[in-house]
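Peer 1: Mind folding the following:
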Amino acid sequence: MLRQVEMPITDAAEALVATNTPEALAGLTATAHGPYRRVAFFDLIAIHLKTGAAKIIEIKRGGGITEVRKRRLIERDLRCARLQLPSFLRPRFDCEPRSYESWLLDYYGRSGFSDGLTVTREGIYVLFGVPVRDLVDTVTNRLRAEVLREVPRLLTVAQNMLGAANDGSLEAHPFANPVKPKPARRPAVNDNATMARAKARSGTQRPTIQ
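Peer 2: So this is what the prediction gives:
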């Protein structure tokens, strides 16, 4: 398992993705070395030692939809990285994986990514080959319960602050009126010239009338 993987997206992979359909890319590969224009970061590369499957996995945070332009870039990076994966892994491991895949893990299935790249909660067991769904659900439910338990206390704090703001007592609180640093004075454009003239005048003796 590799975490937080940095991978240059090569021009060769970009060209293949730009000129082929997702279905046609299934039998193609590209070099992970050579000219590139950007670097992509992926959450995981998982290699199953028994099945020989190597998988690039990007994890979607949150449950909302992903903005279209960002979604397209992530999908393109995943497709390019899948093409480069054999070349990328070969110098790093002694074993030669038998298959190469790239996936976007969208646990709640609401992000809007293409079906051919997306794995949701229902398919997470197949993705990792271990029963992690129950563990994820347990942790998520525990966190949700903790957050909901804190909500009444946070609301009380907010109501007290609003009440203090209405009666004026909040003004004495140090967080209510933080001292803002004074901005540094920006020198005027002709400051240096003005100082030079002032020095010249001070050094010149005015003639006295006898």
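Peer 1: Phi, psi for residue 106 please.
Peer 2: phi -110, psi 90 (degrees, to the nearest 10).
Peer 1: Over to residue 41?
Peer 2: According to degrees, to the nearest 10, residue 41 has phi -120, psi 130.
Peer 1: out of everything not next to it in sequence, what's closest to it?
Peer 2: Spatial nearest neighbour of residue 41, chain neighbours left out: residue 6 (5.7 Å); criterion: C-beta to C-beta, 6 or more residues apart in numbering. No exception for glycine: its C-beta is placed from N, CA and C like everyone else's.
Peer 1: roughly how far apart are that neighbour and residue 91?
Peer 2: Going from residue 6 to residue 91 by C-beta to C-beta, to the nearest Å gives 15 Å.
Peer 1: Look up how far residue 40 lies from the residue nearest to residue 41.
Peer 2: Plainly put, residue 6 is 8 Å away from residue 40 if you go by C-beta to C-beta.
Peer 1: quick one: which of those two has more around it?
Peer 2: With neighbours defined as other C-beta atoms under 10 Å, residue 6 and residue 40 compare such that residue 40 has more, 20 against 9.
Peer 1: Spatially, what comes nearest to the more buried one if we skip its sequence neighbours?
Peer 2: residue 77 (4.2 Å).
Peer 1: Spatially central, which residue of this structure would that be?
Peer 2: Geometric centre of the chain, nearest residue: residue 41, 8.8 Å, by C-alpha atoms, centre = their mean.
Peer 1: list the helices and strands the biggest helix by length in the chain packs on?
Peer 2: Within the chain, and with DSSP state H defining each element, the longest helix by residue count is helix 133-167. Under the contact criterion of 3 or more C-beta pairs under 8 Å, 6 or more residues apart in numbering; DSSP states H and E, helix 133-167 touches helix 124-128.
Peer 1: Contacts for the helix it packs on next, please.
Peer 2: 46, 55, 57, 103, 105, 107, 119, 131-133, 136 (C-beta atoms under 8 Å, 6 or more residues apart in numbering).
Peer 1: May I see those residues arranged in a markdown table, with secondary structure as well?
Peer 2: Output for the contacts of helix 124-128, formatted as a markdown table (DSSP: H, G, I helix; E, B strand; the rest coil):
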| residue | secondary structure |
| --- | --- |
| 46 | strand |
| 55 | strand |
| 57 | strand |
| 103 | strand |
| 105 | strand |
| 107 | coil |
| 119 | strand |
| 131 | coil |
| 132 | coil |
| 133 | helix |
| 136 | helix |
